[in-house]
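Participant: Structure of the sequence below:
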Amino acid sequence: MYSVTGRIQAIKQPKGGYLPASSFIAKQYDDGKNLHVAENVHGSLVGLAVDYLTRYRLTEDLVDSFRISLIGAKILGEHEYALKLLARVATGDIASAVKLAAFDAVYRAGVMNISIPSPDAATVENIDVMVQRGINFLESKGTVVKAGFTFEGGYTATISSGDGDYLTKDSLIDFKVIRSKINAGQTLQLLIYYLMGLHSIHAEFKGIKYLSIFNPRKNVEYCFPTKKLSEAVISEVSIKVIGY
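Facilitator: The predicted model follows:
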């Protein structure tokens, strides 16, 4: 059995991908701010911090926003340290959020020897700007009805785990804090989330009209209307990729 991302890595998509990145409409947002070019923390960890801090500021649920990190810390026997970091995050300490997010790798990838980073001022400032961009973007999309959700009822013998970022009344939104443009693996991930959502216990997915990827680093949204999904693609991904 695979996670969603593991399943995507295990298959070969047709040329261009099941849902080509070129079929998404890009919309550039402008907040008048420029990010520092250099950061001293790995991009994937910066992305986690942006994701979790955005979720926290949106929902005000600190424990749930950093749930995976706390589980990872507990596995390593570092639960007390993680709780201290969590308390600092509550005071607005972005550096502690980065340190806490490092424990994600323990739970998600089984990494048992992690290093706790010390983000510099430029990295912290970049994260702060990207989190605010995320909040601004989500507010422009209307009320968020779900944040950090799973797909109970939609998993299969092939895909047994995977969790999404945000749902509004009409949009399924995934955050990607990346320096490049989106690719076919990321668009397929979004499509899988949508199809698993339709099979899940969450009725909200039936009203989804748009599949959206938002990149806070570039302040760009990539959007695809679900009405343009072909039955052939839906069928092939449902059967051959997800296992329905």
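Participant: Please, where are all the helices along this structure?
Facilitator: 4-10, 43-59, 62-65, 67-75, 79-90, 94-101, 104-109, 121-140, 184-199, 231-236 (DSSP state H).
Participant: Give the other helices and strands that the first one contacts.
Facilitator: Think helix 4-10. Helix 4-10 sits against strand 159-161, helix 184-199, with contacts defined as 3 or more CB pairs under 8 Å, 6 or more residues apart in numbering; DSSP states H and E. Every residue, glycine included, has its C-beta placed from N, CA and C.
Participant: Show me what the first one is packed up against.
Facilitator: For strand 159-161, the elements it packs on are strand 2-3, helix 4-10, judged by 3+ CB pairs under 8 Å, 6+ apart.
Participant: which parts of the longest one are buried?
Facilitator: Right, the one you point to is helix 4-10. Neighbour-count burial for helix 4-10 flags 4, 5, 7, 8 (criterion: 16 or more other CB atoms under 10 Å).
Participant: ok, of these, which one's closest to residue 129?
Facilitator: Closest to residue 129 out of the buried residues of helix 4-10 is residue 5 (26.6 Å), distances taken as CB to CB.
Participant: Show me how far the helix or strand of the chain with the lowest mean pLDDT is from its chain's centre.
Facilitator: Lowest mean confidence among the helices and strands of the chain (mean pLDDT, DSSP states H and E): helix 104-109, at a mean of 87. Per CA atoms, centre = their mean, to the nearest Å, the displacement of helix 104-109 from the mean C-alpha position of its chain is 15 Å.
Participant: and residue 152, what is it in contact with?
Facilitator: Applying CB atoms under 8 Å, 6 or more residues apart in numbering to residue 152 gives the contacts 200, 201, 202.
Participant: Quick check: pLDDT value at it.
Facilitator: Note for residue 152: predicted pLDDT of 97.
Participant: Quick check: residue 177 touching residue 218?
Facilitator: No. Using CB atoms under 8 Å, residue 177 makes no contact with residue 218, being 9.2 Å away.
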